[in-house]
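> give me the fold of what follows.
(one chain, ligands or ions: 2)
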Amino acid sequence: MKKNTAPTETATARYLPGEEIAVLLPLPLAGTYDYRVAEEMTLTAGDFINVPLGARKAIGVVWGKGEGGVPESKLKDVLGRLDCPPLPEVSRDFVDWTARYTLSAPGAVLKMVMSVPEALTPPKPVIAYTLNPKPEPFKPTKARERVLAVLNDGPPRPAAELAREAGTGSGVVKGLVDAGALSPVNLPARAAGPEPDWRLPGPDLSADQDKAARPLQAATKKGGFSVTLLDGVPGSGKTEVYFQAVAEALKQGGQVLVLLPEIALGAQWLQRFQDRFGAAPGQWHSDLTAAQRRHTWRAVAEGQTKVVVGARSALFLPFADLRQIIVDEEHDTSFKQEDGVIYNARDMAVVRAQLGAIPIVLASATPSLETVLNAESGRYQMQHLADRHAGAALPEVDTIDMRAEQTPSQCWVSPSLRDGLAATFANGEQAMLFLNRRGYAPLTLCRTCGHRMQCPNCSAWLVEHRRGGRLQCHHCGFGAPPPKQCPECEKEDTFAACGPGVERLAEEIADLFPKARTVIAASDTLAGPKAAADLVRRIEDHDVDLIIGTQVVAKGYHFPLLTLVGAVDADLGLAGGDLRAAERTHQLLYQVAGRAGRAGRAGRVLLQTFMPDHPVMKALKEGNRDGFLKAEAESRRQAMMPPFGRLAAVIVSGPDEAAVDATARSLGRTAPTGDDITVLGPAPAPMALLRGKHRRRLLLKTAKSTNLQGVLREWLARVQPPRKVRIQADVDPYSFL
Ligand SMILES: [Zn+2]
Ligand SMILES: [Zn+2]
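Ligands and ions are numbered 1, 2, ... in the order given. Have a look, this model is predicted:
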């Protein structure tokens with residue numbers, strides 16, 4: 001074996017016995033390894049194969065022709081080919097591209113593709129039994145007769161099922177098989193469900209929707225790479241518009257990928273898809289069983305599953321014939337993966353579309369600044385949906401100046417917001433209070449000595465979850481019951497909760513409106529799609545008057561009776577030195593506001609703020625999204641920040657603080673220099689301790705035209721970190737923690 005560092009050719013070729021091939025393994029190694037095609041074996045590029053790796057056996061992918069240079073005696077034979085469709089060339093190109101862009105090992109990206117190794121072998125058929133038409137004579141018993149009776153009026157069944165239905169043991173069934181009364185038949189491992197049908201008539205589109213849908217459909221029909229921003233206010237019917245492109249791709253016989261954030265909460269989206277296409281799409285997210293993942297991965301590779309809706313990792317599924325990609329809520333930061341291979345699925349989806357020469361649609365009511373500027377410069381097409389569908393008016397947005405309100409201490413609902421809620425309930429309508437903080441209180445403080453309860457593993461306060469009776473870290477998952485004594489001054493019963501979380505807000509509401517039926521919607525109270533679907537049903541059935549929610553309720557939902565939305569702390573996202581703090585706060589509040597008044601009833605939005613003159617609050621109040629984006633773009637242009645310049649973060653982490661510091665300093669000393677290159681740091685990260693690891697950050701900033709990856713690669717090659725210290729590059733960072 002020899003390690004190759006240069007990328008190898010990707011053309012589909014056949015490799016005959018004795019030929020050398022390059023094999024990529026799903027491991028964080030620098031390149032491919034050479035192997036020899038064994039006797040009586042023919043391989044093609046993309047084949048999944050078993051190879052020896054040291055004393056072990058590993059599954060890899062034929063990446064191309066061998067690099068050569070390995071002595072004949074050292075070269076090992078491929079052990080065998082797996083019975084699975086080869087990984088298509090475009091998928092292999094995508095692995096290489098993603099690895100180069102994110103400075104990751106290609107094998108680490110391949111590991112994301114091969115996320116379900118069990119799916120690489122075909123599912124075993126299920127053995128079922130049917131009546132033997134010409135049975136040998138056998139001894140009848142009561143139990144045996146019951147088994148025969150079950151089969152007399154039913155399809156073949158597996159032994160266990162047969163025994164259960166006949167109310168007997170599996171020994172009886174086996175006895176009948178041995179006696180020749182039953183014969184085995186193979187059933188497919190899993191019956192394929194119905195696939196989405198593009199022939200079904202869609203809903204009647206408004207003139208606006210139709211106008212936006214036609215170019216999307218045309219792009220899909222024509223094929224070739226194109227990016228279209230589908231920009232429409234909440235409630236304007238974007239989903240129905242891009243469903244037209246989905247229908248067109250299905251008509252062409254191709255596959256479609258729809259990327260959505262927080263898929264677990266997409267119950268309403270799935271229902272709309274089902275209504276439109278008569279069948280459910282394939283799903284890909286963290287809340288699937290191992291069997292579901294295996295089935296879907298294989299069905300996508302074989303081209304059986306036509307539409308997949310999923311979270312970001314669905315992008316790395318081995319599509320046999322992908323013809324269309326949709327990224328809904330394209331601005332959403334959950335598309336950024338922050339662990340392992342650090343990538344932005346929205347950006348990589350555009351690359352995937354380009355490599356596959358297919359169209360991609362980016363949909364949002366609050367598109368990211370990057371995407372808007374790409375559309376304005378003509379790199380992307382743009383389709384606008386200006387009006388809400390079905391005549392619903394946009395909600396009226398008002399700010400509540402908290403400096404002027406007489407809000408009692410330890411309370412967070414101002415008199416103005418309280419009046420708004422009272423009027424809404426009196427009208428028999430629903431309201432939503434938005435507070436992007438889980439739990440009861442974000443900080444627990446000792447009243448005697450001022451000690452703050454902090455996570456032992458992170459630079460973060462512990463959040464009290466009173467319903468669960470625990471203090472929890474939202475970064476590492478650490479949790480413990482609140483101690484009786486202060487760990488610092490040892491005084492008992494001295495803790496005070498500081499600030500509100502959704503649980504505490506619910507307590508305040510219970511005092512203000514004892515009759516209001518309230519529900520808390522946060523990621524920890526809504527575990528999984530079923531809980532989310534139940535909540536949606538309760539709200540739709542008007543079993544709920546008030547929803548108190550975090551960002552999990554900010555988007556996608558449509559509740560006809562919901563007419564008032566109150567943002568309890570509209571300023572929350574503006575703190576901190578995040579490049580996109582203002583943009584994100586605007587997006588989030590705009591999305592939340594969009595929940596109000598969607599079905600002919602006038603909606604109202606109240607933003608509680610201590611900064612009513614902040615550009616974000618003014619833009620929301622005046623409904624001037626484009627003006628806000630313009631001002632935001634101008635300030636980024638002046639600072640040469642993305643998308644006008646390029647950024648990469650370098651994070652040094654490890655358990656030993658001195659070693660982390662030393663590595664960070666040597667990165668600082670060897671930092672690249674140049675006219676358009678700036679390096680900031682090293683500095684302790686805002687989360688200087690995370691999951692028990694000390695962290696230091698450096699930030700590389702370059703001009704847009706600079707080859708950022710090249711600069712970064714050379715720089716990182718100059719520093720060899722000691723064992724247990726990790727250097728991680730984050731190209732186009734979204735998190736500055
Ligand atoms: Zn104390
Ligand atoms: Zn922690």
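> against which helices or strands is the helix or strand containing residue 658 packed?
Element membership of residue 658 [criterion: DSSP states H and E] is helix 657-669. The contact analysis (3 or more C-beta pairs under 8 Å, 6 or more residues apart in numbering; DSSP states H and E) places helix 657-669 against strand 645-654, strand 677-690, strand 693-703. Every residue, glycine included, has its C-beta placed from N, CA and C.
> just how off-centre is the last one within its chain?
Put simply, strand 693-703 sits 25 Å off its chain's centre (C-alpha atoms, centre = their mean, to the nearest Å).
> doesn't residue 242 fall inside a helix?
Yes. Assessed with DSSP: H, G, I helix; E, B strand; the rest coil, residue 242 lies in a helix.
> circling back to that earlier point, quick check: mean pLDDT of the helix holding residue 658?
For helix 657-669, the mean per-residue pLDDT is 96.
> tell me the buried residues in it?
Neighbour-count burial for helix 657-669, with 16 or more other C-beta atoms under 10 Å as criterion, is recorded at 659, 660, 661, 663, 664, 666, 667, 668.
> what residues does this protein put near ligand 2?
Remark: the part of the chain in contact with ligand 2 comprises 455, 457, 458, 473, 475, 476, 478, using C-beta under 5 Å from the ion.
> how much space between residue 687 and ligand 1?
25 Å (C-beta to the ion, to the nearest Å).
> of the buried residues of helix 657-669, which is the nearest to ligand 2?
Of all the buried residues of helix 657-669, residue 660 has the smallest distance to ligand 2: 17.5 Å, by C-beta to the ion.
> what's the separation between the residue most central in space within the chain and ligand 1?
By C-alpha atoms, centre = their mean, the chain has its centre lying nearest to residue 311, at 3.4 Å. Distance of residue 311 to ligand 1, given as C-beta to the ion: 43 Å.
> next, that residue: phi, psi?
Note on residue 311: its backbone torsions stand at phi -80, psi -180 [degrees, to the nearest 10].
> you'd agree it is up against residue 260?
Yes. At 7.1 Å, residue 311 and residue 260 qualify as touching, with contact defined as C-beta atoms under 8 Å.
> pLDDT value on the residue of the stretch 151-300 of the chain found nearest ligand 2, please?
Using C-beta to the ion, residue 286 is the residue of the stretch 151-300 of the chain that sits closest to ligand 2, at 20.7 Å. Residue 286 is assigned 81 on the pLDDT scale.
> same question for residue 194.
86.
> wait, a helix at residue 147?
Yes. Assigned with three-state DSSP, residue 147 falls within a helix.
> now do the contacts for it.
Listed by C-beta atoms under 8 Å, 6 or more residues apart in numbering, the contact set of residue 147 reads 162, 163, 166, 168, 172, 173, 176.
> excluding its backbone neighbours, what's nearest the last one?
In space, and not counting its chain neighbours, residue 176 is closest to residue 182: 4.9 Å by C-beta to C-beta, 6 or more residues apart in numbering.
> distance of residue 683 relative to residue 641?
18 Å (C-beta to C-beta, to the nearest Å).
> name the residues that touch the one helix or strand residue 171 maps to?
For residue 171, the host element (DSSP H and E) is helix 170-178. Under the contact criterion C-beta under 8 Å, 6+ apart, helix 170-178 has outside partners 129, 138, 141, 143-144, 147-148, 159-160, 162-163, 166, 182, 184.
> need these in TSV with secondary structure and pLDDT, can you?
Converted to TSV, the contacts of helix 170-178 look like this (DSSP: H, G, I helix; E, B strand; the rest coil; pLDDT from 0 to 100):
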residue	secondary structure	pLDDT
129	strand	87
138	coil	80
141	coil	87
143	helix	87
144	helix	88
147	helix	87
148	helix	85
159	helix	85
160	helix	84
162	helix	85
163	helix	87
166	helix	86
182	strand	87
184	strand	85
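> most neighbours out of those, which is it?
residue 147 (26 neighbours; other C-beta atoms under 10 Å).
> quick one: mean pLDDT for the one helix or strand residue 229 maps to?
When elements are assigned from DSSP H and E, residue 229 belongs to strand 226-232. Average pLDDT, strand 226-232: 95.
> so how far is residue 667 from the residue in the stretch 501-650 of the chain that ligand 2 sits nearest to?
Nearest residue of the stretch 501-650 of the chain to ligand 2, counting by C-beta to the ion: residue 524, 15.3 Å away. Separation of residue 524 from residue 667 (C-beta to C-beta): 37 Å.
> can you check residue 516 too?
In this view, residue 516 and residue 667 are 55 Å apart by C-beta to C-beta.
> now do the buried residues in the helix holding residue 171.
172, 173, 175, 176, 177.
> go on, stretch 536-555?
Neighbour-count burial for stretch 536-555 [16+ other C-beta under 10 Å]: 536, 539, 544-555.
> any idea which of these is closest to ligand 1?
Distances from ligand 1 to the buried residues of stretch 536-555, taken by C-beta to the ion, are shortest for residue 550, at 30.1 Å.
> which SS class is the residue of the stretch 151-300 of the chain closest to ligand 2?
Per three-state DSSP, residue 286 ends up coil.
> so how many other residues sit close to it?
Neighbour tally, residue 286, other C-beta under 10 Å: 11.
> would you mind confirming that residue 590 makes contact with residue 365?
Yes. Taking contacts as C-beta under 8 Å, residue 590 lies within contact range of residue 365: 6.8 Å.
> is residue 627 in contact with residue 619, as I believe?
Yes. Judged on C-beta under 8 Å, residue 627 makes contact with residue 619 at a distance of 6.3 Å.
> between those two, which has more neighbouring residues?
residue 619 (22 against 13).
> what's the burial count for residue 280?
16.
> can you tell me the SS state at it?
Secondary structure state of residue 280, per three-state DSSP, is coil.
> how many neighbours does the residue nearest to it when sequence neighbours are not counted have?
Among residues not flanking residue 280 along the chain, residue 274 sits closest, at 5.6 Å (C-beta to C-beta, 6+ apart). Close neighbours of residue 274, defined as other C-beta under 10 Å, add up to 13.
> residue 274 belongs to a strand?
No. Assigned with three-state DSSP, residue 274 falls outside any strand and is helix.
> check what pLDDT it gets.
The model reports residue 274 with a pLDDT of 93.
> so it makes contact with residue 283?
No. Here residue 274 does not reach residue 283: they are 11.9 Å apart, not a contact under C-beta under 8 Å.
> which parts of the chain sit against ligand 1?
446, 448, 449, 451, 486, 488, 489.
> which of those fall within helices?
Assigned to helices by DSSP state H, none of the residues of the chain next to ligand 1 qualify.
> burial measure for residue 406, as a count.
Neighbour tally, residue 406, other C-beta under 10 Å: 7.
> check residue 578 too.
Around residue 578 there are 18 residues (other C-beta under 10 Å).
> skipping adjacent residues, who's closest to it in space?
Once flanking residues are discounted, residue 578 sits nearest to residue 736: 5.2 Å by C-beta to C-beta, 6+ apart.
> quick check, that neighbour in contact with residue 579.
Yes. The pair residue 736 / residue 579 is scored as a contact, 6.8 Å apart, by C-beta under 8 Å.
> more neighbours: those two, which one.
residue 736 (18 against 15).
> residue contacts, residue 625?
Contact partners of residue 625, counting by C-beta under 8 Å, 6+ apart, are 366, 586, 590, 619.
> what helix or strand is the spatially most distant residue from the centre of the chain on?
Relative to the centre of the chain, the most outlying C-alpha is that of residue 137, 60.6 Å out, by C-alpha atoms, centre = their mean. Under DSSP H and E, no helix or strand contains residue 137.
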